[in-house]
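S.K.: Kindly return the folded structure for what I paste below:
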Amino acid sequence: MPAPRIERLTVYPVKGLDGMDAEESRLLPGGTLRYDREFALVDADGEVLNGKRTDRVHDLETDFDPETRTLTVEPPAGERRSFALEGGTSEAAEWFSDFFGVELSLERDTGLGYVDRRGMGPSVISTETLEEVASWFDGMTVEGARRRLRANVEVSGVEPFWADRFVGEGAPAFEADGVRFEGVTPCGRCVVPARDPDTGEPLPGFRERFVEKREATFPAWADESAFDHFYTLMLIASVPESDRGATVSVGDPVAVVG
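M.R.: Sure thing, here's the model as predicted:
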């Protein structure tokens with residue numbers, strides 16, 4: 001097996017919409033990766049619009065240019081649009097309001113982003129975990145599993161469910177080229193992984209099958225008491241303040257540390 005390394009880095013510039021692969025990413029003062037959930041669609045009540053709220057997010061193909069802060073949106077039918085967000089977000093917010101049928105603003109946070117778990121950092125999974133999960137469902141590819149689960153940091157050269165070891169009493173941490181990642185909590189999953197990432201169509205029996213296989217394959221070396229249930233996969237990590245401002249890159253060596 002190859003040595004453990006960062007295989008992939010993915011950030012989600014607009015919360016709930018498509019991810020963007022990056023060769024490197026700097027850790028922000030809030031402990032998250034640069035560009036991750038930097039923008040969010042927010043309604044008049046201050047509630048964020050995301051995949052848990054509506055499956056219509058799957059109808060959109062989006063791309064983001066971090067150099068120009070340009071967001072490109074392609075609906076299933078209609079004109080492809082590009083919005084230069086550095087000059088203001090009102091035009092994009094108006095377009096999304098029309099598409100989703102609710103008044104929305106496009107808010108921005110460059111210090112932390114609109115992550116669900118405030119005060120926590122990147123999400124982590126292994127390539128081998130994605131391969132295992134894809135094998136549980138007929139026709140699911142590793143890329144399909146990757147897009148359903150939406151992790152920030154993907155580590156390869158390790159065993160399936162490698163990230164489970166970083167939670168629980170006395171759990172170790174890991175370092176990526178000297179940048180320390182400490183486990184905070186396993187990631188309980190929502191309705192989004194059950195949907196086809198392209199069509200939004202739910203996979204019948206997804207949750208039941210997932211729980212059954214997750215329990216059957218749960219690693220003997222992981223601390224089960226740190227998991228509330230088996231509909232859980234992916235690690236939510238935290239980066240110490242001393243390592244924030246550092247950059248992590250695809251190819252960085254990964255090592256388990258105390």
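
S.K.: Next, give phi and psi for the closest residue to Arg108 other than its chain neighbours.
M.R.: With CB to CB, 6 or more residues apart in numbering as the criterion, Arg108 has its nearest non-adjacent residue at 5.3 Å, and that residue is Phe39. Every residue, glycine included, has its C-beta placed from N, CA and C. Torsion angles at Phe39 (phi, psi; degrees, to the nearest 10) stand at phi -120, psi 150.

S.K.: Phe39 contacts Tyr12, doesn't it?
M.R.: No: at 9.5 Å, Phe39 and Tyr12 do not qualify as touching, with contact defined as CB atoms under 8 Å.

S.K.: picking that back up, who does the residue nearest to Arg108 bridge with?
M.R.: Val14, Arg108 (DSSP bridges).

S.K.: Tell me how many other residues surround it.
M.R.: Other residues near Phe39 number 26, with proximity taken as other CB atoms under 10 Å.

S.K.: Now for it: which residues touch it?
M.R.: 13-15, 71, 85, 89, 106-108, 114 (CB atoms under 8 Å, 6 or more residues apart in numbering).

S.K.: Test my guess that Thr199 contacts His58.
M.R.: Yes: the pair formed by Thr199 and His58 meets the contact definition of CB under 8 Å, at 6.2 Å.

S.K.: sorry, back to before: please pick the buried ones from the contacts of Phe39.
M.R.: With burial judged by 16 or more other CB atoms under 10 Å, the buried subset of the contacts of Phe39 is 13-15, 71, 85, 89, 106-107, 114.

S.K.: how about CSV for the residues you listed, with pLDDT added?
M.R.: Below are these laid out as CSV (pLDDT from 0 to 100):
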residue, pLDDT
Pro13, 96
Val14, 96
Lys15, 96
Leu71, 97
Leu85, 92
Thr89, 93
Leu106, 96
Glu107, 95
Tyr114, 92
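
S.K.: Looking at the residues you listed, which one is closest to Glu23?
M.R.: Glu23 lies nearest to Pro13 out of those, by CB to CB, at 15.6 Å.

S.K.: can you give me phi and psi for that closest one?
M.R.: Pro13 adopts backbone torsions of phi -60, psi -40, taken as degrees, to the nearest 10.

S.K.: How about the contacts made by the nearest residue to Ile6 once chain neighbours are set aside?
M.R.: Nearest non-adjacent residue to Ile6, counting by CB to CB, 6+ apart: Asp252, 4.6 Å away. By CB under 8 Å, 6+ apart, the residues touching Asp252 are 5-6, 176-177, 179.

S.K.: sorry, back to before: tell me the one among the contacts of Phe39 nearest to Arg209.
M.R.: Lys15 (27.6 Å).
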